[in-house]
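Undergrad: Could you look at this predicted model? Sequence included:
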Amino acid sequence: MDKALEALRKRREELIHIFEARRASGVQAAFEQAAREHKRIHADVFSLATRHVEEQGFCAPPGEATFLMLGSGARGEQSILSDQDHALVFEWPDTDATRAYVERLTRVTAALLSEVGYALCSGHVMASNPRWQGTPLSWQDRLERYYDHPDWESIRFLLIAADASVIVGKEGCASALREGVASRIARSSFIRWKIADQAIAQGVALTPLGQLRLEGASGKGYFHVKEGLYTPLVNSVRLWAHSVLIEVPSTLKRIEALTAQRVWSEALAERVREAFMTALDARVSHHLRLYEANMPMDDRIALSELDDPSRRRLKDALRTAKSLQQMTAKQFARSG
């Protein structure tokens, strides 16, 4: 296993070269290529974990299992900095042996992914957490409970499940989760309002005067590119997509679908797409700087990192994100 893990670690580290070459290949193409490799690495880790667990004497139950990616990985938007976000759907009988096998398999999978270079999810959105594993029926019941009791935590779990894609197994398991969430959001004006309202509360990193809103000590401020730009864009686009039953996980594909269905004008879609690509590029550029300096990864961009053109692009992207957020809040007002 040690040799297999070392090979997987090397593949994980080599993903950085895809992003280094993005100027030639294009930012979108680089993320798409990296997303495919992230999934292949996860699939190989899951296979390695399965063999390891069976070698330990745990017998695989009869039936099939689907290993799912969640979060930015499922949307094809994972950068160099990435942690674990995954789930498990299985068609195994509910027995003590099955429960023991699932517990062992998911724990080993999470541990091996950590060894390869994917940090454990601080929010425990991993298949080793019982909340993110189960049969298709138990998943359906779980989504219904979230829908019936839509406090913010339940809505957050719904939105996480909405961005599922298959690593190993049946594509239908991922699409069933995505469709289940989209249909529930589409028929609940309350949930749509609550998502939009929460997004406004989180805010875009832009001051009322149109300047970057900085965090940290005076004179050493930084701009949090994930929380202040990328996440607000993802959340707004996802809500618009769900409101018309668009269930694809990719943010860019959601934008395309919103245009194709004439929910958004082509001009609006192009502005949002440009802002989103700016967010992806700014984030990966920052990660590359940290990698080259052998520094810990984060999403905090200091103003000193930005030349004038980069700063202008970020401000334009933030203005678009702010405008979209305000438009989203208006569209999904509670009375809507």
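TA: That came in fine, so what should we check first? Every value quoted in this text rests on a predicted model; they were computed, and no experiment measured them.
Undergrad: contacts and neighbour counts: CA atoms only from here.
TA: Will do.
Undergrad: Could I get the phi/psi values of A30?
TA: Per-residue torsions, A30: phi -60, psi -40 (degrees, to the nearest 10).
Undergrad: Name the nearest residue to it, sequence neighbours excluded.
TA: R22 (5.4 Å; C-alpha to C-alpha, 6 or more residues apart in numbering).
Undergrad: Can you give me the buried ones in stretch 163-180?
TA: By 16 or more other C-alpha atoms under 10 Å, the buried positions in stretch 163-180 come out as 163-170, 173-180.
Undergrad: end-to-end on that stretch?
TA: Start-to-end span of stretch 163-180 (C-alpha to C-alpha, to the nearest Å) is 11 Å.
Undergrad: average model confidence for it?
TA: When pLDDT is averaged over stretch 163-180, the result is 94.
Undergrad: What of stretch 289-309?
TA: 89.
Undergrad: M1: neighbour count?
TA: 10 (other C-alpha atoms under 10 Å).
Undergrad: Tell me which residues touch it, please.
TA: Contact analysis of M1 by C-alpha atoms under 8 Å, 6 or more residues apart in numbering lists L48.
Undergrad: Tell me where the stretch 201-336 of the chain is predicted with low confidence.
TA: 217-220, 334-336 (pLDDT under 70).
Undergrad: all helices of the stretch 151-300 of the chain, in order?
TA: 152-161, 171-186, 189-202, 225, 231-243, 251-260, 266-292 (DSSP state H, counting those that start in this stretch).
Undergrad: returning to that earlier point: tell me which two in the buried residues of stretch 163-180 are the farthest apart.
TA: V168 and G180 (20.2 Å; C-alpha to C-alpha).
Undergrad: can I assume V45 is in contact with L112?
TA: Yes: between V45 and L112 there is a contact under C-alpha atoms under 8 Å: 6.6 Å.
Undergrad: So those two - more neighbours on which side?
TA: Counted by other C-alpha under 10 Å, V45 and L112 do not tie: V45 has more neighbours, with 23 against 19.
Undergrad: and the more buried one, what helix or strand is that in?
TA: helix 27-55 (DSSP states H and E).
Undergrad: Starting from the helix or strand following that helix, tell me which strands it pairs with and how they run.
TA: Going down the chain from helix 27-55, the next helix or strand is strand 65-69, by DSSP H and E. Sheet pairing for strand 65-69, assigned by DSSP bridges, gives strand 86-90 (antiparallel), strand 165-168 (antiparallel).
Undergrad: Leaving out sequence neighbours, find the closest residue to R187.
TA: S243 (8.0 Å).
Undergrad: which residues touch stretch 304-314?
TA: Counting by C-alpha under 8 Å, 6+ apart, residues outside stretch 304-314 touching it are 275, 278-279.
Undergrad: for those, which one is nearest G134?
TA: Using C-alpha to C-alpha, the contacts of stretch 304-314 come closest to G134 at A279, 34.6 Å.
Undergrad: Residue most distant from the centroid, the chain?
TA: What lies farthest from the middle of the chain is G57; by C-alpha atoms, centre = their mean that is 34.4 Å.
Undergrad: how far away is that residue from Y118?
TA: Counting by C-alpha to C-alpha, the gap from G57 to Y118 is 27 Å.
Undergrad: quick revisit: what separation do you get for the residue nearest to A30 and I16?
TA: Taken as C-alpha to C-alpha, the span from R22 to I16 is 10 Å.
Undergrad: how close does T50 get to E6?
TA: 18 Å.
Undergrad: Of the two, give the one with the bigger neighbour count.
TA: Neighbour count, other C-alpha under 10 Å: between T50 and E6, T50 has more, with 20 against 13.
Undergrad: check contacts around the more buried one.
TA: T50 touches L105, counting by C-alpha under 8 Å, 6+ apart.
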